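[1] okay, sequence plus prediction incoming.
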Amino acid sequence: MAVVLISETPEVKNWTVYLVNLKNVEIKNVLISSKGYGEKDGRMVKTSVLRHFLGDLDPQAFKGVEAIDTAVFGLTNEYWLSYYIDGTIYDKKFIFLPESIVDENLIKIPLVNKPGVMIK
């Protein structure tokens, strides 16, 4: 999973969450749920849980999951990924900790070729 800086102007940065398949096999029936949670302004906050069905993703390919607002970068952002390879289901949780999506942590995201923060 990667949070990628898609574009920026002096006023705003536009970010999108991507699933990047670095495997050499297709992953099928990809389902991702996302949510944010944590403390903001001294009180506990939870975002809505969103579910995204991406279908199949070719080897060495990527697909956009959702746009993400910088207002939630101060929260824990969790992505739960489920997919099939050769009829076997796999799942993995990816957690972007509060304030981890910052300029100091940006790398060039493989395949997407844009700056972002990635968890493998």
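    Structure's in. What do you need?
[2] list the contacts for the spatially most central residue of the chain?
    Here the mean C-alpha position of the chain is nearest to the C-alpha of residue 17 (C-alpha atoms, centre = their mean), at a distance of 3.8 Å. Residues near residue 17 by C-beta atoms under 8 Å, 6 or more residues apart in numbering: 1-4, 34, 64-68, 79. For glycine as for every other residue, the C-beta is placed from the backbone atoms N, C-alpha and C.
[3] distance check, it against residue 55.
    As defined by C-beta to C-beta, to the nearest Å, residue 17 lies at a distance of 16 Å from residue 55.
[4] with residue 38 instead?
    With C-beta to C-beta as the criterion, residue 38 and residue 55 are 31 Å apart.
[5] and what of residue 43?
    38 Å.
[6] of those two, which one has the most company?
    More crowded of residue 43 and residue 55, by other C-beta atoms under 10 Å: residue 55, with 10 against 6.
[7] so the more buried one touches residue 32, yeah?
    No: if you go by C-beta atoms under 8 Å, residue 55 and residue 32 don't touch, sitting 11.4 Å apart.
[8] one step back: and the residue nearest to the centre of the chain, what helix or strand is that in?
    Secondary structure assignment for residue 17, by DSSP states H and E: strand 13-21.
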